[in-house]
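**Student:** Any chance you could fold what I've pasted below:
(4 chains)
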2 protein chains.
Amino acid sequence: MNEISILIVEDEPIVAEDIAGALRRNDYIVSAIVYNREDALAELKNNLPDAAILDINLNGKMEGIEIAEIIACNYHIPFLFLTSYSDKKTLANAKVTEPAGYIVKPFTEAGLYSSIEIALHNFAQKSKHNFPELKLSTINKFLPSPVSEREFQLLQLIYNGCTNKQIAAELFISINTVKKHINNLYLKLDATSHSSAIARIRQLILQ
Amino acid sequence: MNEISILIVEDEPIVAEDIAGALRRNDYIVSAIVYNREDALAELKNNLPDAAILDINLNGKMEGIEIAEIIACNYHIPFLFLTSYSDKKTLANAKVTEPAGYIVKPFTEAGLYSSIEIALHNFAQKSKHNFPELKLSTINKFLPSPVSEREFQLLQLIYNGCTNKQIAAELFISINTVKKHINNLYLKLDATSHSSAIARIRQLILQ
DNA sequence: TTAAAAATCACCCGAAAGGGTAAATGAAAG
DNA sequence: CTTTCATTTACCCTTTCGGGTGATTTTTAA
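**Tutor:** Now for the predicted structure:
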C-alpha cells in the first residue's frame, strides 16, 4: 500500500541491515543499500528512490553531506541524516543542506519510523508553504483602495494564468466586462498587465 | 535608533507599567497602554503601532484573542500574547491566531526583550518564505526539457511583470530575440502567455 | 576541425490585451 | 425614495503578444 522506496547509504553492513529490516517491517521498500558515494550517485541516477537515508560519516569521510548536496541540487526527494548524538561538529555542516530529518544513533524501530514519517510529511508540506493562495483580506491590507470580491475573483483567475476570454467563459460574463474589471484592478494595483499584476501582488505581500 | 512603537494591552496597571519600563529601557517606544478591548481597537485605528503585546485575559474575559483576530485580519503588525504557563486551555485558542510570539508570566526583562526581538525577526522573515525567488535548478528538476540560463533570465523578468519590450531593453537584445526565447520557454513550460508561464512554474513547484 | 546547440535578429500575421468613454442594471444604504 | 456603488455590457482604437518561418552568428562539444 505504502510503496515508498528508500535508498540506504551506510558503510556499516550491520547497521544498514538493521535499518533495512525496520523499514521493511513498516511497509517501506528498500530500493538499495549502498556503502559509498559512487554507488549512491549511480543508484540515484538509475533508480531514483522516493527518499534517502544517508549516514553522514562514510568510511571515515563526510561523504554523506556531499551526497546530500547532490540530492538537494539535482533531485526532488527528501533525505534524512543518520548521525550520532556526539557528532556535533559535522552536524553544523549537515544542517546547511536542509535535510528533511535526522535519525540519531542508537535508534529504536519506533524512533526510526516516526523520524521518517515526520520527514516525509514535512517534505510534502514544505513546498505548500511557498506560493500561498491569494487572500483578499491580505491583499487589501496593503492597498489604499480595496479590491472588491468580484475583482478578486478575476485576480485569482489572472493569477492562475487565464486569458481574458477564459475568464469570461469561467464567470459567464462578456469579455468587455472582464476588461473593465481588470482595468479597475490595474488602477488599484498600479499594474499594466496580467503578469505585472501578479508581480505586484507578490511585491506588496513581501513589501 | 530603534524607533519601534509597541502597544500594550494589559488590564493590570502594575504589570503594564512593568512591561512599559522594560520596553523603554530597551529603546522601544510605548505607543500607548490600554486596559480593554475598546481602547485597544481605537488605538489601532488612530495610532497604529509597529507591534502589540496582548494579555490574553482582560478583565476576566478572553478579549486578548479577539483583539488578536482583529489585528490579524486588518493590520499588518506582529503581536505577542502575554500569558501564564498554567493557562493551557486558552493557549489552544491563542495558537490559531498565529501570534508572532509569547511572553510567559512571570517574565524577566531579558526574557521579555528576547521574546520581542525574536517575534519581530520572525514576523519580518515570515513573508519572505512565501513567494520564493525562482531557481533554475529547482525548475529544471520538474521539466523534461531543461530551461537554459539565458531563457531563465527571460523567465525571471517575466516573473517580475516585465513586457517583452522591457525585457529587450533590460537585456540589450531585440524584441524579436525576446519573442524567440519566450516561445522556446512556452514549449518547455507548456505555457501560452506570460501569466500562464508564471502559473505553470508555481504549479510545477507545488506539483 | 567539424557538427550540434544556443543565441541572435528579421518579417509577417492574427489574436489578445490595454486604454478610454459611455451607459444600463440592480442592490444596498441613507 | 433617492443616491450611491458594484456590476454589467458595448464600442472605439492602439499596442502588445503569440505563432510561424528562415537565417546568421557564437559557443560548445565531439
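
**Student:** near DNA strand C, which residues of chain A show up?
**Tutor:** A:163, A:164, A:165, A:176, A:179, A:180, A:182, A:183, A:186, A:192, A:193, A:194 (C-beta under 7 Å from any atom of the strand). Bear in mind the C-beta positions are built from the backbone N, C-alpha and C, glycine included.

**Student:** per-domain residue ranges of chain A.
**Tutor:** A:4-129, A:136-206 (automatic domain parsing).

**Student:** Least reliable of these by average pLDDT, please.
**Tutor:** Among those, domain A:4-129 has the lowest mean pLDDT, at a mean of 85.

**Student:** Put together a markdown table for the domains of chain A, with mean neighbour count and distance to residue B:84 on each row.
**Tutor:** Output for the domains of chain A, formatted as a markdown table (neighbours: other C-beta atoms under 10 Å in any protein chain shown; distance: least, C-beta to C-beta, whole Å):
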| stretch | mean neighbour count | distance to residue B:84 |
| --- | --- | --- |
| domain A:4-129 | 17 | 30 |
| domain A:136-206 | 17 | 31 |
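
**Student:** Turn these into a markdown table, columns for distance to chain B.
**Tutor:** Converted to a markdown table, the domains of chain A look like this (distance: least, C-beta to the nearest C-beta, whole Å):
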| stretch | distance to chain B |
| --- | --- |
| domain A:4-129 | 5 |
| domain A:136-206 | 3 |
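
**Student:** Including distance to residue B:135, could these go into a markdown table?
**Tutor:** What follows is the domains of chain A, written out as a markdown table (distance: least, C-beta to C-beta, whole Å):
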| stretch | distance to residue B:135 |
| --- | --- |
| domain A:4-129 | 10 |
| domain A:136-206 | 16 |
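
**Student:** just to revisit the earlier point, quick one: which of the residues of chain A next to DNA strand C is nearest to residue B:17?
**Tutor:** residue A:186 (50.0 Å; C-beta to C-beta).

**Student:** host element of the closest one?
**Tutor:** Using DSSP states H and E, residue A:186 maps to helix A:175-189.

**Student:** What helices and strands are in contact with that helix?
**Tutor:** Applying 3 or more C-beta pairs under 8 Å, 6 or more residues apart in numbering or on different chains; DSSP states H and E, one finds that helix A:175-189 contacts helix A:149-159, helix A:164-171, helix A:194-206.

**Student:** So what touches whichever strand or helix holds residue A:92?
**Tutor:** Applying DSSP H and E as the criterion places residue A:92 in helix A:88-95. Helix A:88-95 is contacted by residues A:56, A:57, A:62, A:64, A:65, A:68, A:81, A:83, A:102 when judged by C-beta atoms under 8 Å, 6 or more residues apart in numbering or on different chains.

**Student:** hmm, 6 Å instead?
**Tutor:** A:56, A:62, A:65, A:81 (C-beta atoms under 6 Å, 6 or more residues apart in numbering or on different chains).

**Student:** how near is the first one to residue A:22?
**Tutor:** Note on residue A:56: its distance to residue A:22, by C-beta to C-beta, to the nearest Å, is 19 Å.

**Student:** try the second one
**Tutor:** Noted for residue A:62: a distance of 25 Å to residue A:22, by C-beta to C-beta.

**Student:** and what of residue A:117?
**Tutor:** Relative to residue A:22, and taking C-beta to C-beta, residue A:117 is found at 13 Å.

**Student:** My guess is residue A:130 contacts residue B:131. True?
**Tutor:** No. Using C-beta atoms under 6 Å as the test, residue A:130 is too far from residue B:131 to be in contact (7.2 Å).

**Student:** Those two: who's more crowded?
**Tutor:** Neighbour count, other C-beta atoms under 10 Å in any protein chain shown: between residue A:130 and residue B:131, residue B:131 has more, with 19 against 13.

**Student:** Angles on the backbone of residue A:103, please.
**Tutor:** Torsion angles at residue A:103 (phi, psi; degrees, to the nearest 10) stand at phi -120, psi 120.

**Student:** which residue of chain A sits farthest from its center?
**Tutor:** Distance from the C-alpha centroid of chain A peaks at residue A:176, with 39.9 Å (C-alpha atoms, centre = their mean).

**Student:** for that one, what are its contacts?
**Tutor:** Contacts for residue A:176 (C-beta under 6 Å, 6+ apart) come out as none.

**Student:** Against residue A:115, how distant is residue A:95?
**Tutor:** For residue A:95, the distance to residue A:115 - C-beta to C-beta - is 16 Å.

**Student:** go on, residue A:97?
**Tutor:** In this view, residue A:97 and residue A:115 are 17 Å apart by C-beta to C-beta.

**Student:** now swap in residue A:43 and tell me
**Tutor:** Distance check for residue A:43 against residue A:115: by C-beta to C-beta, it reads 21 Å.

**Student:** got it, and residue A:205?
**Tutor:** Applying C-beta to C-beta, the value for residue A:205 to residue A:115 is 34 Å.

**Student:** Please apply the same query to residue A:153.
**Tutor:** Residue A:153 sits 43 Å away from residue A:115, going by C-beta to C-beta.

**Student:** ditto for residue A:123
**Tutor:** From residue A:123 over to residue A:115 the distance is 12 Å, taken as C-beta to C-beta.

**Student:** With residue A:183 instead?
**Tutor:** Applying C-beta to C-beta to residue A:183 and residue A:115 gives a distance of 54 Å.

**Student:** What of residue A:145?
**Tutor:** 50 Å.

**Student:** still on that earlier bit, of all the domains of chain A, which lies closest to DNA strand D?
**Tutor:** domain A:136-206 (2.8 Å; C-beta to the nearest atom of the strand).

**Student:** Just confirm yes or no for the closest one near DNA strand D.
**Tutor:** Yes. On the criterion C-beta under 7 Å from any atom of the strand, domain A:136-206 is in touch with DNA strand D at A:148-151, A:171, A:173-174, A:176-177, A:179-181, A:193.

**Student:** Figure out how far the helix holding residue A:92 is from the centre of its chain.
**Tutor:** Its chain's C-alpha centre and that of helix A:88-95 lie 22 Å apart, by C-alpha atoms, centre = their mean, to the nearest Å.

**Student:** what's the answer for stretch A:53-66, then?
**Tutor:** Using C-alpha atoms, centre = their mean, the offset of stretch A:53-66 from its chain centre is 23 Å.

**Student:** Equivalent analysis for stretch A:135-142, please.
**Tutor:** The answer for stretch A:135-142 is 26 Å, by C-alpha atoms, centre = their mean.

**Student:** next one: stretch A:137-152
**Tutor:** 29 Å.
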